[in-house]
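Visitor: return a 3D structure for these sequence lines:
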Amino acid sequence: MSDISVIRVRDLLMVTLPSDPDDATVSALQHQVLEAMQKREPKGVVLDISAVETLDSFFARTVAETAQMVRLMGGRTIIAGMRPAVAITATQIGLTLGKIETALDVDRALEMVARGDGNIGGQK
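Guide: Reported below is the predicted structural model:
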């Protein structure tokens with residue numbers, strides 16, 4: 001579970017995941033992100049999944065639920081670094097991201113925030 005890194009970068013939380021997160025790690029992700037949202041009051045979360053090589057339905061559902069919870073707490077979630085194999089699997093299992101934004105990598109996610117693309121914490 002210590003494989004998850006949650007750090008504050010400016011007004012955002014940067015969350016990184018290991019390459020093959022188990023169910024306990026995925027569950028910890030949700031808890032750690034929501035705790036950090038409450039304590040640090042960021043405008044949003046950049047979820048870096050660039051190291052993740054495989055995706056299962058539990059991981060996909062938990063990420064989608066966490067993003068929804070972040071939105072309910074007034075934040076924005078950007079998923080960054082999705083590998084092609086993970087994108088294919090997500091499509092095959094029917095994962096819909098709804099209003100969750102995606103970026104090719106963390107740099108682009110940070111550019112999106114800097115430009116004010118989208119809705120950050122309810123503000124343009």
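
Visitor: could you find the closest non-adjacent residue to M37?
Guide: Leaving out its chain neighbours, the residue that sits closest to M37 by CB to CB, 6 or more residues apart in numbering is M73, at 4.9 Å. The way it works is simple: take the backbone N, C-alpha and C, and place the C-beta from them, glycine included.

Visitor: from Q38, how far out is the one you found?
Guide: To Q38, M73 is 7 Å away according to CB to CB, to the nearest Å.

Visitor: more neighbours, the two?
Guide: The neighbour comparison of M73 against Q38 (other CB atoms under 10 Å) goes to M73, with 16 against 9.

Visitor: residues in contact with the more buried one?
Guide: By CB atoms under 8 Å, 6 or more residues apart in numbering, M73 lies in contact with L34, M37, Q38.

Visitor: D3: which of those is nearest?
Guide: When the contacts of M73 are ranked by distance to D3 (CB to CB), L34 comes first, at 17.9 Å.

Visitor: once you drop chain neighbours, what's closest to that closest one?
Guide: M69 (5.9 Å).

Visitor: buried residues in whatever helix or strand that neighbour lives in?
Guide: Using DSSP states H and E, M69 maps to helix 57-72. Across helix 57-72, burial judged by 16 or more other CB atoms under 10 Å covers F59, A60, T62, V63, A64, T66, A67, V70, R71.

Visitor: go on, stretch 19-30?
Guide: P21, T25, V26, A28, L29, Q30.

Visitor: check which helix or strand covers the third one.
Guide: Remark: V26 resides in helix 23-40, with elements defined by DSSP H and E.

Visitor: what about that helix, distance to the chain center?
Guide: 11 Å (CA atoms, centre = their mean, to the nearest Å).

Visitor: next, the residue most central in space within the chain: secondary structure please.
Guide: Nearest to the geometric centre of the chain sits L47, at 2.9 Å (CA atoms, centre = their mean). Secondary structure, DSSP: H, G, I helix; E, B strand; the rest coil: L47 is strand.

Visitor: ok, V52 next?
Guide: coil.

Visitor: export only the CA atoms of stretch 64-82, formatted as CSV.
Guide: Only the C-alpha atoms of stretch 64-82 are listed here, as CSV (Å, rounded to 0.1, in the frame of the first residue of the first chain):
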residue,chain,number,x,y,z
ALA,A,64,-13.9,6.2,-11.7
GLU,A,65,-15.6,6.3,-8.2
THR,A,66,-12.6,8.2,-6.7
ALA,A,67,-12.8,10.8,-9.5
GLN,A,68,-16.6,11.2,-8.8
MET,A,69,-15.9,11.6,-5.1
VAL,A,70,-13.2,14.2,-5.8
ARG,A,71,-15.8,16.1,-7.9
LEU,A,72,-18.3,15.9,-5.1
MET,A,73,-15.6,17.5,-2.8
GLY,A,74,-15.2,20.3,-5.3
GLY,A,75,-12.2,19.1,-7.2
ARG,A,76,-11.2,18.0,-10.7
THR,A,77,-9.5,14.7,-11.7
ILE,A,78,-7.2,14.3,-14.7
ILE,A,79,-6.0,10.8,-15.5
ALA,A,80,-2.5,11.1,-17.0
GLY,A,81,-0.3,8.6,-18.8
MET,A,82,-2.7,5.9,-19.8
